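Participant: here is a sequence together with a model predicted from it:
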Amino acid sequence: MAIERAKNKVPTHEGRKPLSENEWMERVRALADEKFLSMKPVKVTQEFDAPQFAEEFIALVERCNTPDLASLKIMCQGTKTKADGTPMVNKDGSPKTGWVPFRA
């Protein structure tokens, strides 16, 4: 997804001089790397019943070498915490819940 967005943003010319295919792809990859690091994580599958099913899915994606699905991780519903480890709270004092990384 980041590569597709970068292809639309990177011009094929520098001034009046057209870029070669290799130069253009280098610039596309550089911009895609920047975009990938700043992109918000998105949900790619339906929720699995157990973590082992998610691990099997991740192994399958890695074997298929799918460039659109990189840096996959298992998430679960849980209490959100601040950087120092204290739980985040809502206005009413109850703990905030949301998607957090799964820890076995």
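Facilitator: Arrived safely.

Participant: roughly how far is the lowest-mean-pLDDT helix or strand in the chain from the heart of the chain?
Facilitator: Using mean pLDDT, DSSP states H and E, helix 2-9 stands out as the lowest-scoring helix or strand of the chain, at a mean of 82. The chain centroid and the centroid of helix 2-9 are separated by 15 Å under CA atoms, centre = their mean, to the nearest Å.

Participant: does anything pack onto that helix? Which helices or strands?
Facilitator: Counting contacts by 3 or more CB pairs under 8 Å, 6 or more residues apart in numbering; DSSP states H and E, helix 2-9 is packed against helix 21-38. Heads up, the C-betas are built off the backbone N, CA and C, glycines and all.

Participant: quick check: phi and psi on the residue of the chain positioned farthest from its centre?
Facilitator: Note on the chain: the largest C-alpha distance from the chain mean falls to residue 16, namely 35.6 Å (CA atoms, centre = their mean). The phi/psi pair for residue 16 (degrees, to the nearest 10) reads phi -100, psi -10.

Participant: ok so, going back, may I have the least confident helix or strand of the chain exported as CSV, CA atoms only?
Facilitator: What follows is helix 2-9 as a C-alpha-only set of coordinates in CSV (Å, rounded to 0.1, in the frame of the first residue of the first chain):
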residue,chain,number,x,y,z
ALA,A,2,2.9,2.4,0.8
ILE,A,3,4.5,1.6,-2.5
GLU,A,4,1.3,2.3,-4.4
ARG,A,5,1.0,5.7,-2.7
ALA,A,6,4.6,6.5,-3.3
LYS,A,7,4.3,5.7,-7.0
ASN,A,8,1.5,8.3,-7.3
LYS,A,9,3.6,11.0,-5.5
